[in-house]
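1. structure for the following, please:
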Amino acid sequence: MKITVSGTVFTSYDVKAKNNSKNEMSFEETLQSQNQQSYQTNHQLSQTSSKTIFIDPVNGGNISVSLENSTLEKLQNRFGVNSVVKNEAGDVELNDKAQDFVAGWFADIAYAREFLKADINNDGVLSEEEYGNTRNDTNISLKVRFDEDTFLAEEKAIENYSKRTDWEYVSYRNGKNEGSIDEELNYTLNLDKNFDGNITLQEAYDGESSVNDKVKYDLQKLYIDSDFFKNDGHFSSYFNQALNYILEIMDKGEDLDKEKWEQIRKDNYLKLDGEYLKLDMELISTLEPHLIEELLKKLEQSSSTFQKNSFQISNETTQEFLNRTNIVNKETEIYG
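-> Numbering: from 1, shown residues only. Down below sits the predicted model:
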């Protein structure tokens, strides 16, 4: 069994600016920044957080946020003691590369992810309704492949900065319904473990739990719970049985049993032929007539392989019907 995730979920303003030949932000972000005063935090995240000051890379104003002391310690270890210093008032000031790193992620969250725009009452805390209007999510594609002796699942971030309420399914920080710039900034700074200004899908998933747990959750929600295969007639039985087996061994931390994997195909009278699953005609030929009739009825429902009323063609033999309807791609993909 092989699971892979790829793609970038978010990119900091600092990295975007360096990659932009004009060294400018987007026109939409510019309009937002012109209508926004410099953000000043009005709350403390915890007893172990400190008011932290740096310069907004978009409008040049002074920004203050609440950062956890553990986050500040990581910044100091990475960028040096002179990059994270306390002033006479006891607040923390960021300089040089620490300033650029934190400010870049602040601008991404405040402007690109639209946290400032979503905070309608400007109280610094996003209610469930306000948080739902942020672009703090990514859309994914989930491709599954049923090979002869293994199973492959591939997730990819395909559309970043999507609105939280655009889809019923949330990929990034699933289950979170409210927040603040301060909280999201702390979270993002800790996700970017290699300090490269990019949050990959791998980093996002590791931040929540693990890649294995997230993909397992997505397989359950996007395929099984959504009845993705419910209109595929006979083949839906195979896909659901195979996926439920995969979810079972993922939950137990077991390896795929090749014999059991093969048996699932046999249970559904299927065999692999190159890139496709086909009906095992030799196995079907051993069935009693009434079982073949039941199989034919299930095949009629298989929307992915033949037309709705094809079985009612009077001059078509059972063998001709089976030959025409016995093929389906072993790979399928869904977008969420």
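2. what element comes up after the longest helix belonging to the chain heading to the C-terminus?
-> Secondary structure of the chain per DSSP state H: the longest helix is helix 233-252. For helix 233-252, the succeeding helix or strand toward the C-terminus, using DSSP states H and E, is helix 258-267.
3. for that following helix, give me every contacting residue.
-> 149-151, 238, 241-242, 245, 271-272, 277, 280, 283 (C-beta atoms under 8 Å, 6 or more residues apart in numbering). Bear in mind the C-beta positions are built from the backbone N, C-alpha and C, glycine included.
4. rerun that using 10 Å as the cut-off
-> Applying C-beta atoms under 10 Å, 6 or more residues apart in numbering, the external contacts of helix 258-267 come out as 1, 146-151, 237-239, 241-242, 244-246, 249, 257, 270-272, 277, 280, 283.
5. buried residues in the longest helix of the chain?
-> Using 16 or more other C-beta atoms under 10 Å as the test for burial, helix 233-252 gives 233-240, 242-243, 245-247, 249-250.
6. which member of those residues is positioned nearest residue 203?
-> residue 250 (20.8 Å; C-beta to C-beta).
7. so what are the sheet partners of the helix or strand hosting residue 53 and their directions?
-> Applying DSSP H and E as the criterion places residue 53 in strand 49-55. Here strand 49-55 has these sheet partners by DSSP bridges: strand 62-68 (antiparallel), strand 92-94 (parallel).
8. the longest strand seen in the chain versus helix 233-252: what angle between them?
-> Counting residues, the longest strand in the chain under DSSP state E turns out to be strand 151-162. Strand 151-162 and helix 233-252 are oriented at 90 degrees to each other (axes from the mean of the first three to the mean of the last three C-alpha atoms, to 10 degrees).
9. how far is strand 151-162 from where the chain is centred?
-> 6 Å (C-alpha atoms, centre = their mean, to the nearest Å).
10. stretch 102-112 now?
-> With C-alpha atoms, centre = their mean, you get 21 Å for stretch 102-112.
11. how is this structure divided into domains?
-> For the chain, automatic domain parsing gives the domain ranges 9-136+158-209, 227-335.
12. which stretch among the ones you listed comes nearest residue 221?
-> Closest among the domains of the chain, using C-beta to C-beta: domain 9-136+158-209, at 6.4 Å.
13. what pLDDT, on average, does the closest one get?
-> Averaged over domain 9-136+158-209, pLDDT sits at 88.
14. and it, how far apart are its ends?
-> 16 Å (C-alpha to C-alpha, to the nearest Å).
15. and it, how far out from the chain middle?
-> Using C-alpha atoms, centre = their mean, the offset of domain 9-136+158-209 from its chain centre is 20 Å.
16. what's the mean pLDDT across stretch 216-223?
-> 90.
17. oh sorry, the question was meant for stretch 248-261
-> 95.
18. CA atoms only: put it into CSV for me.
-> Only the C-alpha atoms of stretch 248-261 are listed here, as CSV (Å, rounded to 0.1, in the frame of the first residue of the first chain):
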residue,chain,number,x,y,z
GLU,A,248,-9.6,-1.5,8.2
ILE,A,249,-5.9,-2.2,7.8
MET,A,250,-4.9,1.5,7.9
ASP,A,251,-6.8,1.7,11.2
LYS,A,252,-4.9,-1.3,12.6
GLY,A,253,-1.6,-0.4,11.1
GLU,A,254,-1.4,-3.7,9.1
ASP,A,255,0.1,-4.4,5.7
LEU,A,256,-2.1,-5.4,2.8
ASP,A,257,-2.7,-9.1,2.6
LYS,A,258,-2.2,-10.0,-1.1
GLU,A,259,-4.3,-13.2,-0.8
LYS,A,260,-7.2,-11.3,0.8
TRP,A,261,-6.9,-8.6,-1.8
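19. what are the boundaries of the strands in the stretch 51-200 of the chain?
-> Secondary structure of the stretch 51-200 of the chain (DSSP state E, counting those that start in this stretch): strands at 62-68, 84-86, 92-94, 137-146, 151-162, 198-200.
20. okay if I get those as CSV plus mean neighbour count and distance to residue 179?
-> Shown next, in CSV, are the strands of the stretch 51-200 of the chain (neighbours: other C-beta atoms under 10 Å; distance: least, C-beta to C-beta, whole Å):
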stretch, mean neighbour count, distance to residue 179
strand 62-68, 21, 13
strand 84-86, 17, 24
strand 92-94, 21, 22
strand 137-146, 20, 12
strand 151-162, 18, 16
strand 198-200, 20, 16
